[in-house]
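In: any chance you can model this:
(4 chains)
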There are 2 protein chains.
Amino acid sequence: MSSGDQRAPGASSTGTAGIADVASLAGVSQSTVSNVLNHRERVAAETIDRVERAISMLGYVPNGAARSLAAGRSRSIGLVLSDLGNSLFVDIARGAERAAEEHGLSLLVANADGRLEREDRYVDLFTESRVLGTLLTLNDETHYRALSTRRARGTVLTLLNFHADAAAFCSAYFDNEAGGRLATQHLLDTGRSRLVFVGGPSALQPVADRREGFRRTLAASGIRPVDELSPDGINRADGWKVGHALAARVVTGEIDGVVAASDLLAAGIVQAFTESSGIGVPDIVGVIGYDNNQAAWDSPIQISTISQPGAELGYAGVGLLLDDLDSGEHEHRAVRLEPSLVIRQSTGR
Amino acid sequence: MSSGDQRAPGASSTGTAGIADVASLAGVSQSTVSNVLNHRERVAAETIDRVERAISMLGYVPNGAARSLAAGRSRSIGLVLSDLGNSLFVDIARGAERAAEEHGLSLLVANADGRLEREDRYVDLFTESRVLGTLLTLNDETHYRALSTRRARGTVLTLLNFHADAAAFCSAYFDNEAGGRLATQHLLDTGRSRLVFVGGPSALQPVADRREGFRRTLAASGIRPVDELSPDGINRADGWKVGHALAARVVTGEIDGVVAASDLLAAGIVQAFTESSGIGVPDIVGVIGYDNNQAAWDSPIQISTISQPGAELGYAGVGLLLDDLDSGEHEHRAVRLEPSLVIRQSTGR
DNA sequence: TTGTATGCGTTATCAC
DNA sequence: GTGATAACGCATACAA
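Out: Purely as a prediction, here's the structure:
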């Protein structure tokens, strides 16, 4: 009445076969089964064979809970995303996924959908699941402050898309100011100098940073910006309105280049220019976007843009996380990722 | 040397406080702690207080693995998505999330990214995690067949976006043919009768179904379709090309309405009509899309479209899943969700 | 209302 | 190379 007693080998009482069922069917001990699962090298080839046959006969699926309980660690890491609707975050997930895969880990993803309360819930869930660690993407100063207040112990947290104080967390983020500089410089390099920046709500930190890059680049060349616009949003329709407003000034030659804070914005602007006013893009005016979204390449006139390496961000995040785990006393680090210029038709020459 | 021996109350050996630490700090037994976690109603208010104080003092976080092992069930469900890049799947995730939340469950999301092998891996992962069940979105007959072959036991699987054989799985899916009918009828209702269908690769089952709806609606009215086109893709650039090809026939009056198989397609068509040929939309020609994507509303001329209730699909999926779990002998069901017409400018009159 | 004892399914340690 | 046995941290009868 101790170890492997009479449990019908096959579909057991609970509906799921356990390691004991496999063991008795294969005529070995539980430890041997466990060994073929976790340390094949310690097991004879022929034994492996028998056990594996038994496993598939029974449709045995190891119980992850028991597994990580006994092992004291799990083989997965969590990722809490701010917004699945934004393709940038999807890219981040892809990169994280790839990194996890390379380390033989699984990635569990949860969507906070911009809600602070959900963010919390999922961080807690992952913590309780005893994932190796959790990656958290952040938009917002608000959320960051809430986070600092909350208990951060219990799990290793790494912040993504946000430049955190290295005293508290590891983080990986994009250099938006550099992106603004890249875009502006590209317009200068292609012979334009009468430039306007089209931004958006100033509350968006990335947009503000991009504008800063615009300003600095022009200042460094001793050029004065023609104008800076801040539509209500950064979508295509907003760009379309701005484009129409700008068209006359392009025709007069006052403007020959537009730096837009998003691809959607840029696509709307290009559309407005070409459709009603017959303004040639890129001949008369160059337009550059930001994000390297579908809007940028899936457009009649493909739009030059700044690409943010979302996948790399996710990849780097996993790296930071694992690093944090390994080294006992670990200095938190902030990794800044540089955007890059993607040249397409809208600025061609 | 039996139950609560000497483990330094506070940060324990492993770095994490356990339920035993909480119990001894609060001066109660482990089961009492467990009860305040799971059955508060059985515990005296004052005891709850003491225990909770101890919990927060120690920063105690229950171990999910141990928890679901002991309880025999977890509190989360899995969702494997075909393609996070498609906003429809994001909507599905949102709906599933809402349903899960309402049931006090957590939703774990994984992105298969269109790869069959990943689909498998994640279904397996969720199965090992002993989630309550797994939701799986499917595009493709191929994947479905692979699925039927594979072991499907071990976890409850519910299929989304795919009409599965009710003998094997529960499933929830969209009625694409009805959508095609809706779109076509709307064009007829607004006084157009010289209609063309713009589809895409015939391998896409949904597109084929939508075309079928187009055909049947016209047949029912005794009208002959003017034409059916199948561009290489269903993106904006494809639409733009088709639009230019169609423009002349619109000008001659041969065509007064276009049913497009996607919003991107429709947006490209509208753009081509208005920009170069000056063809008035909706005055000269009505255009309707499909999907209710951002492309449909975030366009200078907002595009009428067919909306698929992605969130509802996810919501319904969770319902089916939980149903399947509860009822011992459960008849698998296939739930069909109806799309709806969204009228915007591109068909207005 | 609270405490005691047993088991969840697996891994790891140690003998053999 | 293989097998016995003790944890892993918690939930849940059941007894008190």
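In: burial check on the residue nearest to residue A:190 when sequence neighbours are not counted, number of neighbours?
Out: The shortest distance from residue A:190 to any non-neighbouring residue, by CB to CB, 6 or more residues apart in numbering or on different chains, is to residue A:349 (5.0 Å). Using the backbone N, CA and C atoms, a C-beta is placed for each residue, glycine as well. When neighbours are counted by other CB atoms under 10 Å in any protein chain shown, residue A:349 registers 9.
In: did I read that right, residue A:349 in a strand?
Out: No. Looking at residue A:349 with DSSP: H, G, I helix; E, B strand; the rest coil, it is coil, so not inside a strand.
In: would you confirm that it contacts residue A:282?
Out: Yes. When contacts are counted by CB atoms under 8 Å, residue A:349 is listed as touching residue A:282 (6.3 Å).
In: so where is the stretch 201-349 of chain A shaky, pLDDT-wise?
Out: Along the stretch 201-349 of chain A, the model assigns pLDDT under 70 to residues A:328-329.
In: close to chain B: what parts of it are there?
Out: Neighbours of chain B within the stretch 201-349 of chain A, by CB under 8 Å from any CB of the partner chain: A:235-237, A:240, A:264, A:268, A:271-272, A:274-275, A:294, A:298-300.
In: and which of the residues you listed is nearest to residue B:49?
Out: Using CB to CB, residue A:235 is the member of these that lies nearest residue B:49, at 51.3 Å.
In: on that earlier part again, from the residues of the stretch 201-349 of chain A next to chain B, which is closest to residue B:71?
Out: Nearest to residue B:71 out of these is residue A:294 (CB to CB; 44.3 Å).
In: now residue A:115: how far from residue A:143?
Out: Using CB to CB, to the nearest Å, residue A:115 is found at 10 Å from residue A:143.
In: straight-line length of stretch A:272-289, end to end?
Out: One end of stretch A:272-289 sits 15 Å from the other (CA to CA, to the nearest Å).
In: centre-most residue in chain A?
Out: For chain A, the residue sitting closest to the mean C-alpha position, by CA atoms, centre = their mean, is residue A:92 at 1.8 Å.
In: how about the secondary structure of that one?
Out: Quick answer, by three-state DSSP: residue A:92 is helix.
In: next to DNA strand D, which bits of chain A? Give me the list.
Out: Residues of chain A lying near DNA strand D by CB under 7 Å from any atom of the strand: A:2-3, A:27-32, A:35, A:41-44, A:46-47, A:66, A:69-70, A:72.
In: kindly supply the ChimeraX command isolating those of those residues that are buried.
Out: In ChimeraX, selecting the buried portion of those, with burial taken from 16 or more other CB atoms under 10 Å in any protein chain shown, looks like this:
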select /A:28,30,32,35,43,47,66,69
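In: out of the residues of chain A next to DNA strand D, which sit inside strands?
Out: In strands, judged by DSSP state E, none of the residues of chain A next to DNA strand D are found.
In: show me which of the residues of chain A next to DNA strand D neighbour chain B.
Out: The subset of the residues of chain A next to DNA strand D within reach of chain B, by CB under 8 Å from any CB, is A:66, A:69, A:72.
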